[in-house]
Structures are given as structure tokens and as C-alpha cells.
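Chemist: from the sequence below, what's the structure:
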Amino acid sequence: METTALKEKLKQQIIESLNLTDLKPADIKDDEELFGGGLGLDSIDSLELIVLLNREYGITIKDPKEGRKVLTDINTMADYIEQHRTK
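Modeler: The predicted structure follows:
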């Protein structure tokens, strides 16, 4: 899958998984922080995103430090998926 298409799909999956019904994929910038100031996601959301990565892309993240790095923004998530996906 092309990187741009993957990023758009990922944005849609995040919106659906986290029930962010007031957002559209275009509202999420590729380099916008997902946690803290950016989208303002929290630790529960990070667990949901880790489950999403496992379910949709066959990626298992066990180390919390690795999870924090991977879930920084859409760009880092897409890069990680492209390098580690099994589905």
C-alpha cells in the first residue's frame, strides 16, 4: 500500500476505533502529536491503538517505550507499519 493511502486509512481507523465522531481524516495532520497537546489522546487510547495495530496489521507491541515512540504521530505509525506489518 502506498504511504499516503496508508496514512489516510490509519486516520480513518483511529477515528473509528476511538469513536472520535467529531473528526474527519483531513482534520488530523500527519505530523500532529496524537497524545498531549495534539489530538489529546490518553493512555486508554494508546491501548486501543496498540490493539488496532495488532488486529489490522499483525503488529505486536509489548514494550511501552516502543509503543510511545510508535504512537507519536501518523507519520511514525505509518513508517512503523510499513517496516513491521505481517498482514
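Chemist: what residues sit buried inside stretch 25-32?
Modeler: Residues of stretch 25-32 classed as buried: Ile28, Asp30 (neighbour count, 16 or more other CB atoms under 10 Å). (C-beta placed from N, C-alpha, C; glycine too.)
Chemist: again, but for stretch 32-46
Modeler: In stretch 32-46, counting by 16+ other CB under 10 Å, buried: Leu34, Phe35, Leu39, Leu41, Asp45, Ser46.
Chemist: and if you look at stretch 4-22?
Modeler: Leu6, Lys7, Glu8, Leu10, Lys11, Gln13, Ile14, Ile15, Leu18, Leu20.
Chemist: in this structure, what helix or strand scores lowest on average pLDDT?
Modeler: Taking mean pLDDT, DSSP states H and E as the measure, the chain has helix 64-70 as its least confident helix or strand, at a mean of 89.
Chemist: the most centrally placed residue in the chain sits in which helix or strand?
Modeler: Central residue of the chain (CA atoms, centre = their mean): Met77, 5.3 Å from the mean position. Secondary structure from DSSP states H and E places Met77 in helix 74-84.
Chemist: likewise for Asn54?
Modeler: Under the assignment here (DSSP H and E), Asn54 is part of helix 43-57.
Chemist: that helix vs helix 74-84, what angle?
Modeler: Interaxial angle of helix 43-57 relative to helix 74-84 (axes from the mean of the first three to the mean of the last three CA atoms, to 10 degrees): 40 degrees.
Chemist: would you mark the buried spots in helix 43-57?
Modeler: Asp45, Ser46, Leu49, Ile50, Leu52, Leu53, Tyr57.
Chemist: contacts for that helix, please.
Modeler: 13-14, 17-18, 34-35, 41, 59-61, 67-68, 70-71, 77, 81, 84-87 (CB atoms under 8 Å, 6 or more residues apart in numbering).
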